[in-house]
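[1] the sequence and its predicted three-dimensional model are supplied below.
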Amino acid sequence: MEMQKDILHFSDCILYGTGNTNQISVTTKQLNFNIMKNSVKKELSEYITERVAEIHKYEGNEMEDLHFHLFNEDYYIIGYYQAAEWLKTHGISEWEAIQTCQEYEKDHFGESTIYDNAEKTVNMLVYIWGAELLSDMNLL
């Protein structure tokens with residue numbers, strides 16, 4: 001079985017690890033970043049670039065609000081069907097997306113929300129990965 005180069009599933013870590021699963025250690029940030037496919041990275045990077053151009057007023061201290069305005073002020077995806085299709089388009093299983101969101105929330109807030117629909121899950125996933133991309137782009 002061949003592992004995709006642009007994604008690392010949690011189960012693949014165990015399967016493709018060093019052979020000793022006791023030595024495998026994956027932090028939530030590494031896991032979140034690793035399962036972000038290149039197609040998602042490209043799409044969100046383009047979204048950030050377009051939106052930053054629209055919101056050109058952000059400079060200095062106001063930059064800290066950029067993540068909120070890009071990924072929390074409004075939904076990235078609207079509609080259950082559209083969100084489910086977004087996951088399929090990027091080859092992300094619903095369970096994998098839910099796990100990523102719940103691990104992020106447990107690490108940052110000590111508890112997790114129930115993700116009972118694709119729209120809620122995708123928007124949280126985009127929120128998480130948006131922060132990572134903004135940081136990688138030196139915009140946070």
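    All right, it came through fine.
[2] CA only for contacts and neighbour counts going forward, please
    Will do.
[3] can you pull the buried residues of the biggest helix by length in the chain?
    Identified as the longest helix of the chain according to DSSP state H is helix 118-136. Going by neighbour count (16 or more other Cα atoms under 10 Å), the buried part of helix 118-136 is 118-134.
[4] average pLDDT for that helix?
    When pLDDT is averaged over helix 118-136, the result is 93.
[5] can you list the neighbours in contact with it?
    32-33, 36, 41, 44-45, 48, 67, 71-72, 75-84, 86-87, 94, 97-98, 100-101, 104, 115, 140 (Cα atoms under 8 Å, 6 or more residues apart in numbering).
[6] buried ones only from those residues, please, as a PyMOL command.
    The buried residues among the contacts of helix 118-136 can be selected in PyMOL (16+ other Cα under 10 Å) with this line:
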select buried, resi 32+33+36+41+44+45+48+67+71+75+76+77+83+84+86+87+94+97+98+100+101+104+115
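[7] in helices, which of the contacts of helix 118-136 fall?
    32-33, 41, 44-45, 48, 67, 71, 80-84, 86-87, 94, 97-98, 100-101, 104.
[8] where are the low-confidence patches of this structure?
    In the predicted model of the chain, residues 1-35, 56-64, 140 satisfy pLDDT under 70.
[9] ok, and for stretch 85-93, which residues are buried?
    Buried residues in stretch 85-93 (16+ other Cα under 10 Å): 86, 87, 92.
[10] ok, now which ones touch the first one?
    Going back to what we said before, that points to residue 86. residue 122.
[11] how close does it get to residue 43?
    Distance of residue 86 to residue 43, computed by Cα to Cα, to the nearest Å: 11 Å.
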